[in-house]
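Trainee: sequence and predicted structure below; questions after.
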Amino acid sequence: MSARDEVLGRIRAANSAAGHPLARPVPREYARTGTHAPGSAAVLELLRDRLVDYRATVVDAAGDVPAAIAVALAGVDGPALVPAGLPDGWVPGGVADTGFSPAELDGFAAVVTGAAAACAVTGTIALDAGPDQGRRALTLVPDVHVCVVRADQVVETVPELLARLDPVRPTTFVSGPSATSDIELHRVEGVHGPRTLIVVLDAP
Amino acid sequence: MGHLRGEQSFPDAARGALADSQLRRNLGHATTTIRGKRAAVVAECDDWEELRLAGEALKSSTMARLDQHLVELEERVTARGGVVHWARDAHEANAIVTRLVRETGETEVVKVKSMATQEIGLNDALAEAGITAQETDLAELIVQLGGDLGSHILVPAIHRNRAEIREIFLREMPGVDPELTAEPRRLAEAARLYLRERFLRAKVAISGANFGVAESGTLLVVESEGNGRMCLTLPETLITVMGIEKVVPTWQDLEVFLQLLPRSSTGERMNPYTSAWTGVTPGDGPQAFHLVLLDNGRTATLADEVGRAALHCIKCSACLNVCPVYERAGGHAYGSVYPGPIGAVLSPQLTGVEDNASLPYASSLCGACFDACPVRIDIPSLLVRLRAQHVDANRGGVPSPEAAAMAAASWVMADHRRFAAAETASRLGRLLGRSTGRIGSLPPPLDAWTGSRDLPRPPAESFRQWWARERGQGRARERGQS
Ligand code: SF4
């Protein structure tokens, strides 16, 4: 018998030995939606607060995204990497991804992307490889990640965040910069992922 | 069966651990810190209990239809260009992974921290085949370089402090800066430099999975450092080993677990990185993806209508951090890759209780683990059940020391006359313990009990004797003691 058939058979036998337990309705009394509307001032404030708590930097675009990105990139040496679908004019002099190898990606100090959605309560930004975000490796190898989040992409809760995402897209949930607590549970920002996360909040 | 049992029984191993004061200091500091963080972020959630109830129900419902969910997962992964393999046990899983790595022609792989691959002893199996598996999680790296074993589900190097880690790095990391200090930031930097070129040149990666979504075929890895993202994204081939219990029916179900897991494990609102991928995506990430679905004792655990709840575990490690026994004995004493309260339940079930007979006794049954568990696994009740099974299994045969001790205890306690007689006998114990106030050891079979704990010297007069003297002349006369 194949391993597949044997394991499936064992599961059926086990469930029958356990008296055929029933799949029961799942109580979903937990908060599925927040108390604030997506993109509202309260949700943005909460997101800002959580991001700062994670030692990310927040820059308010105040209607001018390219200027805010320029501020975010001020200390970066060399050109920034950008996904091919990033809006024109956001990063003058940015180098569009043409399928660089991991070693080539390592030559860039910074990357600038958009986002798919964000969750305020947890300070989480979701990237789903859309045209303004690019493949996953782009936001991983360079040491500075500048991520532009539009106000209407910000929801309050985790359930609202997941509801906005398509599971079959390769998705990365980012909450603050890379961090480890493996040494005496002492938090250190920056191990392998970008050590600096700068979120440009594009609110009207 | 892989790394699910130790060379020593829990009492023997714990005795050594208890004598190591450095270990106890490291552990005490770490568990206290993480308990505080967890309590703070759990308190932020008004709906924490509702989330726990949902998590519990989701898990038990999934197990009730586990076969269907796995078949659906397999279908979806395959439809998106992945290849699904099934493994009955550790040996089979190791053979599959070894073959898959060999087929790529590579002899080096990078690894994301994974309980399942540790459980099956994958690194050793690969090493035998001439394949080097590089652990990339900082704590796993510390453990690997130190030639050590992990002692905590989430923070495997929790038993090491910064000075010890510095020494390990100086000794084992080729090209490390000899000026390296013990500052955590510098140590993390050293690990970053050491691993970076390995990530950039890796062709094959091996991971576990925290969740596998049946309806979409999506797999998820939850992590902090970005080493997971490096492994899951940069190499050409990705091999994921997932215990069959990790499946969840729908994408929506993740809304429960992605709230419960980070808060329970690292005490964060959300862990820094979670990666989700479905099969293969052209132009993004590995272009070859293999999923190995692992049984290795899980179906046997599933057959027990009560004990199967141990499979609900999402490996958050909250129960370890609140357990007074774990805090003092440390993770190595459990002899399994799954230490602490859940390990005491899971390991004997995965191996069969006779192979890990002392573990169900490695608990004070205080109940803190149940309160901490995000999916409401009633660990104390499961431990008691395992103890009973163990005692039953030994009836008639040659009993193991623990079984004999427990059988003797229950035989004595089951009848008040015997209990009274035992109390009289325990006055003998009082004589034995006169000099230290502790009884070092009792004669067999009760030495299994005193071998793992000091028995306080019994009071001069037992409660029953006091009661008989003060209030119960009739009962005392009946016992011939008036
Ligand atoms: S038993 Fe519960 S508390 Fe312990 S590791 Fe598993 S999920 Fe976490």
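Mentor: Thanks, I have it.

Trainee: tell me where the model's unsure across the stretch 151-300 of chain B.
Mentor: For the stretch 151-300 of chain B, applying pLDDT under 70 flags no range at all.

Trainee: near the ligand, which residues of it are found?
Mentor: B:S264 (Cβ under 6 Å from any ligand atom). Quick note: C-beta positions are derived from backbone N, CA and C, even for glycine.

Trainee: number of nearby residues for the residue of chain A found nearest chain B?
Mentor: Using Cβ to the nearest Cβ, the closest approach of chain A to chain B is made by A:G193 at 2.6 Å. Using other Cβ atoms under 10 Å in any protein chain shown, the number of residues around A:G193 comes to 29.

Trainee: just want the most central residue of chain B.
Mentor: B:Y338 (2.3 Å; Cα atoms, centre = their mean).

Trainee: for that residue, give me its contacts.
Mentor: B:L4, B:M115, B:E119, B:I153, B:L346, B:S347 (Cβ atoms under 8 Å, 6 or more residues apart in numbering or on different chains).

Trainee: for stretch B:46-53, which positions count as buried?
Mentor: Along stretch B:46-53, these residues count as buried under the neighbour rule (16 or more other Cβ atoms under 10 Å in any protein chain shown): B:W48, B:E50, B:L51, B:R52, B:L53.

Trainee: what subset of the residues you listed is also close to chain A?
Mentor: Checking the buried residues of stretch B:46-53 against chain A by Cβ under 8 Å from any Cβ of the partner chain, the ones in range are B:E50, B:L51, B:L53.

Trainee: with respect to B:E215, which of those is nearest?
Mentor: B:L51 (20.9 Å; Cβ to Cβ).

Trainee: how near is that closest one to B:I342?
Mentor: 19 Å (Cβ to Cβ, to the nearest Å).

Trainee: swap in A:L46?
Mentor: According to Cβ to Cβ, A:L46 and B:I342 sit 34 Å apart.

Trainee: between those two, point out the one with more neighbours.
Mentor: B:I342 (26 against 20).

Trainee: and whichever strand or helix holds that one, anywhere near chain A?
Mentor: In this structure, B:I342 is located in helix B:340-351 according to DSSP states H and E. No. Interface with chain A: helix B:340-351 contributes nothing (Cβ under 8 Å from any Cβ), its closest point being 11.8 Å away.

Trainee: surely A:G78 is in contact with A:A109?
Mentor: Yes. Taking contacts as Cβ atoms under 8 Å, A:G78 lies within contact range of A:A109: 5.4 Å.

Trainee: burial count for B:G175?
Mentor: B:G175 has 7 neighbours, counted by other Cβ under 10 Å.

Trainee: SS state for it?
Mentor: coil (DSSP: H, G, I helix; E, B strand; the rest coil).

Trainee: and the pLDDT for B:S410?
Mentor: Looking at B:S410, its pLDDT reads 46.

Trainee: helices of chain A, residue ranges please.
Mentor: Using DSSP state H, the helices of chain A run over A:3-17, A:41-53, A:65-72, A:102-105, A:158-163.

Trainee: nearest to the ligand, of those?
Mentor: Among the helices of chain A, helix A:158-163 comes nearest to the ligand, with 18.0 Å by Cβ to the nearest ligand atom.

Trainee: coming back round to it: secondary structure for the ones next to chain A among the buried residues of stretch B:46-53 - can I get that in a markdown table?
Mentor: Shown next, in a markdown table, are these (three-state DSSP):
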| residue | secondary structure |
| --- | --- |
| B:E50 | helix |
| B:L51 | helix |
| B:L53 | helix |
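
Trainee: mind listing residues that contact the worst-scoring helix or strand of chain A on mean pLDDT?
Mentor: Least confident helix or strand, chain A: strand A:188-189 with a mean of 80, by mean pLDDT, DSSP states H and E. Strand A:188-189 is touched from outside by A:R55, A:G176, A:P177, A:S178, A:A179, A:T180, A:S181, A:R195, B:P184, B:R185, B:A188, with contacts defined as Cβ under 8 Å, 6+ apart.

Trainee: please, where are all the strands along chain A?
Mentor: A:57-60, A:81-82, A:95-96, A:110-113, A:117-119, A:124-127, A:144-150, A:154-155, A:171-174, A:179-180, A:188-189, A:196-202 (DSSP state E).

Trainee: which stretch among those strands is buried most, on average?
Mentor: Burial of the strands of chain A is given as mean neighbour count (mean count of other Cβ atoms under 10 Å in any protein chain shown); strand A:117-119 ranks first at a mean of 28.

Trainee: poorly predicted segments of the stretch 1-150 of chain B, please.
Mentor: For the stretch 1-150 of chain B, the stretches with pLDDT under 70 are B:1-2, B:7, B:11, B:13-20.

Trainee: check the contacts of strand A:188-189 and tell me the two furthest apart.
Mentor: Farthest pair in the contacts of strand A:188-189 (Cβ to Cβ) is A:G176 and B:P184. Separation: 16.9 Å.

Trainee: those two - which one has more neighbours?
Mentor: Taking other Cβ under 10 Å, A:G176 and B:P184 do not tie; A:G176 has more neighbours (28 against 20).

Trainee: who's in contact with the closest residue to that one other than its chain neighbours?
Mentor: Distances taken as Cβ to Cβ, 6 or more residues apart in numbering or on different chains place A:Y54 nearest to A:G176, at 2.7 Å, with adjacent residues excluded. With contacts defined as Cβ under 8 Å, 6+ apart, the neighbours of A:Y54 are A:G123, A:S175, A:G176, A:P177, A:A179, A:L197, B:P272.

Trainee: how about the residues you listed in JSON lines, adding distance to A:G85?
Mentor: As requested, the contacts of A:Y54 are arranged in JSON lines below (distance: Cβ to Cβ, whole Å):
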{"residue": "A:G123", "distance to A:G85": "25"}
{"residue": "A:S175", "distance to A:G85": "24"}
{"residue": "A:G176", "distance to A:G85": "25"}
{"residue": "A:P177", "distance to A:G85": "24"}
{"residue": "A:A179", "distance to A:G85": "29"}
{"residue": "A:L197", "distance to A:G85": "21"}
{"residue": "B:P272", "distance to A:G85": "25"}
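
Trainee: list just the nearest of the buried residues of stretch B:46-53 to A:D202.
Mentor: B:L51 (31.7 Å).

Trainee: what's the closest non-adjacent residue to the closest one?
Mentor: In space, B:L51 is closest to A:Y30, 4.7 Å off (Cβ to Cβ, 6+ apart).

Trainee: tally of neighbours for that neighbour?
Mentor: 23.

Trainee: and what of the one 3 residues further on?
Mentor: Number of residues near A:T33 (other Cβ under 10 Å) recorded here: 13.

Trainee: over to A:R28?
Mentor: Neighbour tally, A:R28, other Cβ under 10 Å: 18.
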